[in-house]
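In: sequence and predicted structure, then a few things I'm wondering about:
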2 protein chains.
Amino acid sequence: MPQTRRTYRGMSAEERKAERRRQLLAAGLELFGTRGFAETRVDDVCAEAGLTKRYFYESFTSLEELLLAVVEDMLADLTARVVPVIASSGWRDPRPMLSTFIGAMLADPRLVRLLVIETHTGALARQRHHFIERAIDVWLEAAPDRDRDPSLLQTQRLLAHAYAGAIGEVAVAWASGRITMSAEEIIDHLERIFRRISPRAGVAQ
Amino acid sequence: MPQTRRTYRGMSAEERKAERRRQLLAAGLELFGTRGFAETRVDDVCAEAGLTKRYFYESFTSLEELLLAVVEDMLADLTARVVPVIASSGWRDPRPMLSTFIGAMLADPRLVRLLVIETHTGALARQRHHFIERAIDVWLEAAPDRDRDPSLLQTQRLLAHAYAGAIGEVAVAWASGRITMSAEEIIDHLERIFRRISPRAGVAQ
DNA sequence: CGATATTGACACTCACTCGTGTCAGATCGT
DNA sequence: ACGATCTGACACGAGTGAGTGTCAATATCG
């Protein structure tokens, strides 16, 4: 049992631990995002991170905990990028929001696997739903008051899920090479879908 | 090594084997459709089916093979029910198709889990895509000639994926109690979404 | 009733992976 | 340089589940 903590390679104990945790998160993103959670072992993550099991259990107690942390990170990143965009130009022009959100997934197929596919199972489902609910809240926050009509809330919720599902499925189809379009074209189509689905445009029909 | 085959409980050897296979498929639907594939063991399926492992390996070589067979069955059922509906009134009035397709999932939450969630992984992904592609084909088959414009095919494909994703996500949200609406209302909304997304209505806009 | 096919319960081996432990060597503080 | 800490590689036991085998009990045919 070590009594004092020394610096190694110019890093303090906390820095080293944080760095190792970072490496593990990166390894988790890579493996969970490519071969998937079900096919990933603790030793695989360690090998990918260039560490040993000792340091895995230093920061996480199980693979699922690592998965949760990885998804948490990705969703936090995404939220941080998308929220201000929605808040500023969201309701008037949905394209910046779509471009940011979808662009991130099209830029890194691992995100598709991680955020769309893997989040259907287990504890991740809660994160998925929480993220969608938060998206609804943020969106309504930026909306004109008349759209906060409580009778429309259920509809909003349904539409949000429908739209999230549409984006996800298109992203999956693209990631597996079943849709051969440029990111621009895909965003064009999704923007058009969004504009048509949006209740704002829908009240009038 | 048995040399002759006898009848048991009034059934021939083939009938008994077929009956056992049927029981295993039902057990698979129940377990895969509730706790999910990842949490299901061979012994669980056998217990649910009221059989022993011997008879599992009589009809299947692995759990994944059983899963494939179960999904295959469900998709075949769904296809058999939806295709004629599309062929008859599909393009003019999408509601019967939606009612059939979505109604089946809302009537049995196990189908949601099985067809929407579990089909994202492994060999099932191919079945999922194959089903969607087939849906596109059948749909275009019933469409007026002008809609077969090849330049619209890529768009059709994207829209089909988007719509499939929307239905799936809504079904998941409903199955997990996050959407509290009657099946009728949900179908209403999805029909509206469909009518707006449909390229038929979209060319003008 | 006797012989044999069929069945169900269960024991058994094997492979895999988790989580922990050990230990020699590298690195740092003094 | 020396002692203590930190690190990486690997060994080890435990638990789980797959796939196969055994055997007594049961049902059928002659």
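Out: Thanks, I have it. In this text, all values refer to a predicted model and were calculated from it rather than measured experimentally.
In: so what's the backbone phi/psi at residue A:131?
Out: phi -70, psi -40 (degrees, to the nearest 10).
In: what comes up buried for whichever strand or helix holds residue A:158?
Out: Assigned by DSSP states H and E, residue A:158 belongs to helix A:153-175. Judged by neighbour count (16 or more other Cβ atoms under 10 Å in any protein chain shown), helix A:153-175 contains these buried residues: A:155-175. For the C-beta atoms, the positions are set from N, CA and C on the backbone; glycine is no exception.
In: my read: residue A:5 touches residue A:11, true?
Out: No - using Cβ atoms under 8 Å as the test, residue A:5 is too far from residue A:11 to be in contact (11.0 Å).
In: low-confidence stretches in chain A?
Out: Filtered on pLDDT under 70, chain A yields the residue ranges A:1-4, A:90-91, A:143-148, A:199-205.
In: same thing but 80
Out: A:1-6, A:89-92, A:139-152, A:198-205 (pLDDT under 80).
In: get me the contact residues on it for DNA strand C.
Out: Residues of chain A lying near DNA strand C by Cβ under 7 Å from any atom of the strand: A:6-10, A:41-43, A:52-54, A:57, A:61-63.
In: please report which of these has the highest neighbour count.
Out: residue A:63 (18 neighbours; other Cβ atoms under 10 Å in any protein chain shown).
In: over to the closest residue to that residue other than its chain neighbours: give its phi and psi.
Out: Excluding the flanking residues, the one nearest residue A:63 by Cβ to Cβ, 6 or more residues apart in numbering or on different chains is residue A:42, at 5.9 Å. Geometry field for residue A:42 lists phi and psi as phi -60, psi -40, criterion degrees, to the nearest 10.
In: flag every residue of chain A that's near chain B.
Out: Proximity of chain A to chain B (Cβ under 8 Å from any Cβ of the partner chain) is limited to residues A:36, A:38, A:116-117, A:120-122, A:125, A:129, A:154-155, A:157-159, A:161-170, A:172-173, A:176, A:178-181, A:186, A:189-190, A:192-193, A:196-197, A:202.
In: 6 Å instead?
Out: Within chain A, the positions lying close to chain B (Cβ under 6 Å from any Cβ of the partner chain) are A:117, A:120, A:158, A:161-162, A:164-166, A:168-170, A:173, A:179, A:189, A:193, A:196-197.
In: dead centre of chain A: give me the residue that sits there.
Out: Centroid-nearest residue in chain A, with Cα atoms, centre = their mean: residue A:75, separated by 3.8 Å.
In: did I read that right, that one in a strand?
Out: No - secondary structure assignment (DSSP: H, G, I helix; E, B strand; the rest coil) places residue A:75 in helix, not in a strand.
In: surely it meets residue A:132?
Out: No - counting by Cβ atoms under 6 Å, residue A:75 does not reach residue A:132; the two are 10.5 Å apart.
In: for residue A:177, helix, strand, or coil?
Out: Applying three-state DSSP: residue A:177 is coil.
In: and it, its phi and psi?
Out: Note on residue A:177: its backbone torsions stand at phi 70, psi 20 [degrees, to the nearest 10].
In: neighbours around it, how many?
Out: 8.
In: next up, the contacts around it.
Out: Applying Cβ atoms under 6 Å, 6 or more residues apart in numbering or on different chains to residue A:177 gives no contacts.
In: distance of it relative to DNA strand C?
Out: From residue A:177 over to DNA strand C the distance is 28 Å, taken as Cβ to the nearest atom of the strand, to the nearest Å.
In: same question for residue A:88.
Out: When distance is defined by Cβ to the nearest atom of the strand, residue A:88 is 44 Å away from DNA strand C.
In: tell me, how many residues neighbour that residue?
Out: By other Cβ under 10 Å, neighbour count at residue A:88 equals 13.
In: what of residue A:106?
Out: 21.
In: re earlier: how far away is the residue nearest to the centre of chain A from DNA strand D?
Out: For residue A:75, the distance to DNA strand D - Cβ to the nearest atom of the strand - is 29 Å.
In: now residue A:153
Out: Taking Cβ to the nearest atom of the strand, one finds residue A:153 at 42 Å from DNA strand D.
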